[in-house]
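**Q** what would the 3D arrangement of this be:
(one chain, ligands or ions: 1)
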Amino acid sequence: MAVTEPAPAPPLAAHEGILRRQSLRESAARTYARSLPIVPVRARGLTIEGADGRRYLDCLSGAGTLALGHNHPVVLEAIKKVLDSGAPLHVLDLATPVKDAFVTELFSTLPRRFADNARVQFCGPAGTDAVEAAFKLVRAATGRSGLLAFTGAYHGMTAGALAASGGAEDVRVTRLPFPQDYRCPFGIGGEAGARTAARWTENLLDDPKSGTPAPAGMIFEPVQGEGGVNPAPDGWTRRMREITETRSIPLIADEVQTGVGRTGAFWAVEHSGIVPDVMVLSKAIGGSLPLAVVVYRSELDTWQPGAHAGTFRGNQLAMAAGTATLAYVRENGLAERAGVLGSRMLASLRSLAADHPCIGDVRGRGLMIGVEIVDPEARPQGTGTEPPPDPVLAAAVQQECLSRGLIVELGGRYSTVVRLLPPLTLTDEQATAVVDRLADALAAAERSPHRRLPTGSLR
Ligand code: PMP
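**A** Numbering: from 1, shown residues only. Sure, this is the predicted structure:
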C-alpha cells in the first residue's frame, strides 16, 4: 500500500515568520505586539506600511510620542545633520551645542512664569525615569516621603512610578479621587463631582487623624492617558494648585503624554493657567527618539552633585530630533490646530453614538481622544448608573479597526476605551478617514457575536 506523504506546510511569508519567532522568543509581558500583530517596515506621517504590504493609519503614534508623525522631514534632517557633523553621539551629561539648543528651545516653549525660574535635569531616557527623578527631587527638597497620587493614574513601570499608578499598592502613596464625569465615584459628575473630589483631598490633608502625614508632593496628569482619557477640569486643577501651594506641597505635572501640543495647548497645564513646581516630560520631546527630563522651580534644587546620575542622559540624536519637533510645533501653531481638529473629531464621534449604543462616552482634549465601549443591554454594576464596560467588544472593535487599516490603542480600567492619539500633523481628510474607519469597525464588531465575560471577571 502506497504511503502518502503529508503535504508539506506552505512556506510562511517573511512577516509571518517574524511574528512567529517573536511569539516564541519574546516575553509573555509583551503588550502592543499581541493586539497589533503587524511588522512595520516603512512609515511616513500617519501611515505605517507592514511587511505584508498593507498600509495602516497609525493613531497610536508610538503611544503618543510622534507629535509630527513618522519620519517627519524636519526630524530626519536634524538627525542627519548631527550624524554628518561628526559630533559625539554619547556624552553622559556633558554640555554640547546640540544640548544647549535643545534646552533653549524647551525653555522657550514652557509657561513663562515657570521657565523664568526653572532648572532642568536630564534623566534616563524613559518617562518613568523622569517620574522617579521627580519623586526623588521633592523628597530631597521637603525631607518628607509620602506622595499623593490619583485613582486611574499611570506614571510608568519602575518601582516608584508604578507605586503612584492606579493599579498599585504602596504605603507611601495616598490615593485621591480623580474627577470624572462618566462613572463619577461620587455619582454626581460635572462640576459638583470635581468639587467633591477636591474637597475630599483638602479634608484628608487637614484632618490630623486621616492617616496621611504631610507628603513630599502631589503628582497628576492634566489628562489621564492610559487611565482612559480623563481630562482634569480646569477649575479642579486650579484648586489642586491652591491646596498644594497653601500647604507647601510641591505639585508635579506629569506631561509625558499631554505635552508638545497634544491637548490643544503646548503644555496641558496652560489650559488651567496654573504654574506647577515640577514638570515631567518625555515622549514627544525627543522627536521619536528616547529622551526624558524633569524641569522644576529652582528653589527645589537642593540636590548634591551626582544625586541623580545615569549613563544615558546625553542622547544627541534625540535632543536634535526633539529641538526640531518643539520648534516645528511652535512655529506652525500645531497645538491650536490639535485643539480645533480634536473638537471636530469629538463632535463627529459623539454623533456616532446615536447609531451605536455601545458607545458609552466620548471624551478628550485636543488630539487625545477616548471612546468608551459599554454593553448597553447589561444592567449597571455596583453603585454606577452607566452600563458596564465591555472589554470583549472593545477588543473586537480594535481588531476590526486593524483589519480596516486603522491602528488604535485600548486603555482605561477595563481596557474598554478606544484611544486615538494621531499626529498633530493630521489633515482634515485623514481625520475623516479615521472616524469613518472607526465607525465601520464599530458596526462590524457590534454585528459579530462576541462572548460576554461573566460579571466580576473584568480586569
Ligand atoms: N507618565 C505618563 C503620563 C505616561 O503616559 C507614560 C507612558 N505611557 C509614562 C509616564 C511612562 O513613560 P515611559 O513608558 O516612557 O516610561
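**Q** tell me the contacts of the closest residue to the ligand within the stretch 1-150 of the chain?
**A** In the stretch 1-150 of the chain, the residue that lies nearest the ligand is residue 127 (2.3 Å; Cβ to the nearest ligand atom). The C-beta positions use only the backbone N, C-alpha and C, and glycine is treated the same way. Residues near residue 127 by Cβ atoms under 8 Å, 6 or more residues apart in numbering: 155-156, 254, 256-257, 280, 282-283, 292.
**Q** which of those residues come close to the ligand?
**A** Restricting the contacts of residue 127 to those near the ligand by Cβ under 6 Å from any ligand atom leaves 155-156, 254, 256-257, 282.
**Q** for residue 379, see how far away the residue of the stretch 1-150 of the chain closest to the ligand is.
**A** Distance, residue 127 to residue 379, using Cβ to Cβ, to the nearest Å: 39 Å.
**Q** which SS state does the spatially most central residue of the chain fall under?
**A** Nearest residue to the geometric centre of the chain (Cα atoms, centre = their mean): residue 257, 3.8 Å. The three-state label given to residue 257 by DSSP: H, G, I helix; E, B strand; the rest coil is coil.
**Q** check it and give its pLDDT.
**A** As predicted, residue 257 sits at a pLDDT of 98.
**Q** one more: residue 159?
**A** pLDDT, residue 159: 88.
**Q** what's the burial count for it?
**A** 11 (other Cβ atoms under 10 Å).
**Q** same question, residue 429
**A** Neighbours of residue 429 using other Cβ under 10 Å come to 8.
**Q** neighbours of residue 447, how many?
**A** Using other Cβ under 10 Å, residue 447 has 10 other residues around it.
**Q** and the gap between it and the ligand?
**A** Note on residue 447: its distance to the ligand, by Cβ to the nearest ligand atom, to the nearest Å, is 33 Å.
**Q** my read is that residue 155 contacts residue 161, right?
**A** Yes. Between residue 155 and residue 161 there is a contact at 4.2 Å, judged by Cβ atoms under 8 Å.
**Q** okay, and the common contacts of the two?
**A** Common neighbours of residue 155 and residue 161, counting by Cβ under 8 Å, 6+ apart, are 128, 131.
**Q** looking at the two, which one has more neighbours?
**A** residue 155 (30 against 27).
**Q** all strands of the stretch 351-459 of the chain, in order?
**A** Using DSSP state E, counting those that start in this stretch, the strands of the stretch 351-459 of the chain run over residues 359-365, 368-373, 406-407, 409-411, 417-420.
**Q** with distance to the ligand as added columns, please give these in JSON lines.
**A** Shown next, in JSON lines, are the strands of the stretch 351-459 of the chain (distance: least, Cβ to the nearest ligand atom, whole Å):
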{"stretch": "strand 359-365", "distance to the ligand": "14"}
{"stretch": "strand 368-373", "distance to the ligand": "10"}
{"stretch": "strand 406-407", "distance to the ligand": "16"}
{"stretch": "strand 409-411", "distance to the ligand": "9"}
{"stretch": "strand 417-420", "distance to the ligand": "11"}
